[in-house]
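Enquirer: this is the structure alone, sequence omitted:
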């Protein structure tokens, strides 16, 4: 059965303070939940930004290492060519000395 308006009106003053406290508690909890959600979202965004920065730095480091490797290979190749040229020169000198 439905409560009659007159019966509800009689108890309303007694429960109004409790209802108001409950409503305030609910609003405060919702605000706290919203603030916590914002903090969590900000933390996630920061973590994603840091991870993107780390990935970018890793790519830069890998590119630098690859460039260094290529530079070393080029220097080694030049050194090998120089050594080979010295051998050929030494051979020619040796041949010329033997012929003389």
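Expert: Nice, I can see it. Remember, predicted model here, so these are calculated numbers, not experimental data.

Enquirer: so which residues of this protein form helices?
Expert: 5-99 (DSSP state H).

Enquirer: give me the most central residue, it.
Expert: Centrality entry for the chain: nearest residue to the mean C-alpha point is residue 51, 0.5 Å, by C-alpha atoms, centre = their mean.

Enquirer: model confidence score at that residue, please.
Expert: Looking at residue 51, its pLDDT stands at 97.

Enquirer: swap in residue 9?
Expert: pLDDT, residue 9: 68.

Enquirer: go on, residue 2?
Expert: Residue-level pLDDT assigned to residue 2 equals 61.

Enquirer: about what we covered before: gap between the residue nearest to the centre of the chain and residue 41?
Expert: According to C-beta to C-beta, to the nearest Å, residue 51 and residue 41 sit 16 Å apart. In short, each C-beta sits where N, CA and C put it, glycine included.

Enquirer: what does residue 98 give?
Expert: According to C-beta to C-beta, residue 98 and residue 41 sit 85 Å apart.

Enquirer: for the two, indicate the residue with more neighbours.
Expert: When neighbours are counted by other C-beta atoms under 10 Å, residue 98 and residue 41 differ, and residue 41 comes out ahead with 10 against 7.

Enquirer: all set now, cheers.
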